[in-house]
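> sequence first, then the predicted structure:
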Amino acid sequence: MPSAPARSNTSTPAARTMAGTLAVFMERRTLIMMALGFAAGLPYLLIFDTLSAWLRQEGLSLQVIGFFSLATLVSAFKFLWAPIIDRTQVPVLTTWLGHRRSWMLLCQSILVIGLLLIAGQNPTSSLGTMAALAVLVSFWSATQDIVIDAWRIEVADSSRQGAMAAAYQWGYRLATITAGAAPLLLAESLGWNFSYGVMAILMGTSVLATLGAPREAQHSVRETSVAGVPRRPAGDAFEWVARLVVLGMGALILGSGLTANASLLSAMTAGIGLGGWGEAIVAAWRSPFGVWYQLLGVIAGFVVIIAAVLPLPGRRTLPGTYLSAALGDPLRNFFARYGRSASLMLALVCVYRLSDFVLNIMNPFYLDLGFTLVEVAEVRKIFGVVATMVGVFAGGYVVARIGLLRALLIGAFGGPLSNLMFLWLATRGHDVWALFAAIGVDNALSGFGATCLIAYMSSLTTEGFTATQYALFSSLYALPGRLVASQSGRIVEAAAKSAEAGGPLSGLRSLFTNLPQESFASALEKSGVSPAALASGYATFFAYSCAIGLFAVVLTFAVQRVSVPPPAGADV
């Protein structure tokens, strides 16, 4: 297999003036990236969030609506079919548009058709058809994400990846605002069918971005050598089916673990007559030790996937040879290029945003502080979005100006520091200006760090494996956070009870003796503790979230020490 050039994640761009750095954001590919980010965010939110409002208005139960949300489960394991994107050309279109843009056009065409078909459905009479279409749109939306990420990486050098990541996030967030508000406003006066028809047309405009996008550098397709592998038409067909079934089962187990939702897994086991197993899994994941069962599910899913793609012992077959190369070569390539540093880099990817992911109890925190829903909405959903977009831009600018690894270190410090702002907010109670300050700092630093992480993960890929490697990194980076976040509420309540009972945390109560009367006013009713004790519980949680964010700081320093350009020709 010929060696492909690797991207260096250590290069620092030549010194640029401020004007030169800002000019990167006005380049054609950066502006196109914003439009493609919009195209990526629009269908995802239309299926994941907005569709639930339509279904609820039609009188469907929350249980049915919950199953529809599982349509987005496919994005958790998109790395499984990313090798197809790397290795397969789209007939005719690839010659015309190039490898990545041809796949983009295919995905966008199917997404437009899928949304138009959804627009023509009636949930009360064609629920099954609508569910199938939701899964179709979700699958091709995830596929479009794979392709757009690969194009972004291959069309720009590492010094521009910060700006490209920032542009992508700007477009994506504009799409979430559009898909979250416009369909509801249109549906109010013109109906849901018309509303989704308009969204399909809006999705169709993404084709213009694809046609206007510059063509990526020549894509190198990694061919799998099957010379000498015996051909057995009937046996190969049976083996393909068996392996794909096992692969699908592994993906379902893995995705259920990653999303902490065993509903689909339970439904599948019930469908094959093992309903008792499914009920036991759901009960286990909802137990006090649920996070460990979810982790076990993730591990089991990976084990099943690996078993599905490994060659048969002592026997070469076409399905085994192809699958083991398609899914195994990108990982072997990564470890071959970075050697002993590879594990450290993967660990950094996994924990870099851990302190952000555990903050999944913020709305209860704001309400317990005494803020109204209107206050939270105005500060978090309007001002917070602006602060995030400022942080995203700052991240792209700093990466372009001072280099990726130094920007990455700044972003690593941002996570713990922003969480300390919420500890400070807990001591202030119902103070709107303090809420503005805490959310503004947190969202800006979170946007900055996200941009740096996207640029860093992009720098770790190599040509020929871009789509597969980045899809794997983007699946892994959220794994620890999703598992640890399930314990956030328990940490708050356990710390509050300890403070109330005179335990080691009781000394924190003195920090909250002068809070406004409305702050934590319902603590006794909701948690069975005094307001000062519940405030102490939140303070302990934010200190804990800050502490786990320090792992990213330590790992970033360690990666900076070991990061060197991969040796020339290091490949599999």
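Here it is on my side, so go on.

> test my guess that F393 contacts A166.
Yes - F393 lies in contact with A166 (CB atoms under 8 Å); the separation is 5.5 Å. The way it works is simple: take the backbone N, C-alpha and C, and place the C-beta from them, glycine included.

> now the common contact residues for these two.
F25 (CB atoms under 8 Å, 6 or more residues apart in numbering).

> out of those two, which sits in the busier spot?
Higher neighbour count among F393 and A166: A166, with 33 against 22, using other CB atoms under 10 Å.

> buried set for the helix or strand where the more buried one lies?
Per DSSP states H and E: A166 is located in helix 161-190. Across helix 161-190, burial judged by 16 or more other CB atoms under 10 Å covers 161-176, 178-179, 182-183, 186-187.

> and the next element down the chain from the lowest-mean-pLDDT helix or strand in the chain?
When each helix and strand of the chain is scored by mean pLDDT, DSSP states H and E, helix 62-69 comes last, with a mean of 64. On the C-terminal side of helix 62-69, the nearest following helix or strand under DSSP H and E is helix 82-87.

> C-terminal to that next one, what's the next element?
Assignment by DSSP H and E places the next element after helix 82-87 at helix 93-97.

> beyond that next one, next helix or strand please.
helix 99-119.

> R315: neighbour count?
Using other CB under 10 Å, R315 is surrounded by 8 other residues.

> where does it land in three-state SS?
Put simply, R315 is coil when judged by DSSP: H, G, I helix; E, B strand; the rest coil.

> that one and L111, how far apart?
41 Å (CB to CB, to the nearest Å).

> again, but for F422
Distance of F422 to L111, given as CB to CB: 38 Å.

> more neighbours: those two, which one.
Set F422 next to L111 and count neighbours by other CB under 10 Å: L111 wins out with 25 against 22.

> the more buried one contacts L202, correct?
No - using CB under 8 Å, L111 is not in contact with L202, being 11.0 Å away.

> where's the closest residue to G162 other than its chain neighbours, which helix or strand?
Nearest residue to G162, sequence neighbours excluded (CB to CB, 6 or more residues apart in numbering): V399, at 2.5 Å. V399 belongs to helix 384-402 when assigned by DSSP H and E.

> tell me the first helix or strand C-terminal of that helix.
helix 404-428.

> mean confidence score for the helix or strand following that following helix?
Using DSSP H and E, the next helix or strand after helix 404-428 towards the C-terminus is helix 432-459. Taken as a whole, helix 432-459 has an average pLDDT of 93.

> which parts of helix 432-459 are buried?
Buried residues in helix 432-459, counted by 16+ other CB under 10 Å: 434-435, 437-459.

> which helices and strands does it pack with?
helix 127-155, helix 161-190, helix 341-351, helix 384-402, helix 404-428, helix 466-476 (3 or more CB pairs under 8 Å, 6 or more residues apart in numbering; DSSP states H and E).

> could you rerun that using 7 Å?
helix 161-190, helix 384-402, helix 404-428, helix 466-476 (3 or more CB pairs under 7 Å, 6 or more residues apart in numbering; DSSP states H and E).

> to S343, which of these lies closest?
helix 466-476 (12.1 Å; CB to CB).

> what packs against the closest one?
helix 82-87, helix 127-155, helix 318-338, helix 341-351, helix 432-459.

> now the third one: average pLDDT?
Model confidence over helix 318-338 averages 85 on the pLDDT scale.

> buried residues, the helix ranked longest in the chain. List them.
The single longest helix within the chain, with elements called by DSSP state H, is helix 531-562. Residues of helix 531-562 classed as buried by neighbour count (16+ other CB under 10 Å): 531-542, 544-546, 548-553, 555-556, 559.

> now for it, which elements pack on it?
Helix 531-562 is packed against helix 341-351, helix 354-357, helix 404-428, helix 488-500, helix 523-527, with contacts defined by 3+ CB pairs under 7 Å, 6+ apart.

> now do the buried residues in the shortest one.
Residues of helix 354-357 classed as buried by neighbour count (16+ other CB under 10 Å): L354, S355, D356, F357.

> over to the longest one?
For helix 404-428, a neighbour-count test (16+ other CB under 10 Å) marks 404-416, 418-423, 425-428 as buried.

> ok so, going back, ok, the residue nearest to G162 touching A166?
No - using CB atoms under 7 Å as the test, V399 is too far from A166 to be in contact (8.4 Å).

> return every residue with contacts to both of these two.
T451 (CB atoms under 7 Å, 6 or more residues apart in numbering).

> and of the helices and strands packed on helix 466-476, who's closest to I272?
The nearest among these, by CB to CB, is helix 127-155 at 19.3 Å.

> state the mean pLDDT of that closest one.
What helix 127-155 shows for mean pLDDT is 90.

> what residue ranges in the protein score low on pLDDT?
Within the chain, the ranges that satisfy pLDDT under 70 run 1-20, 61-73, 218-228, 259-260, 271, 273-275, 278, 482, 486, 563-572.
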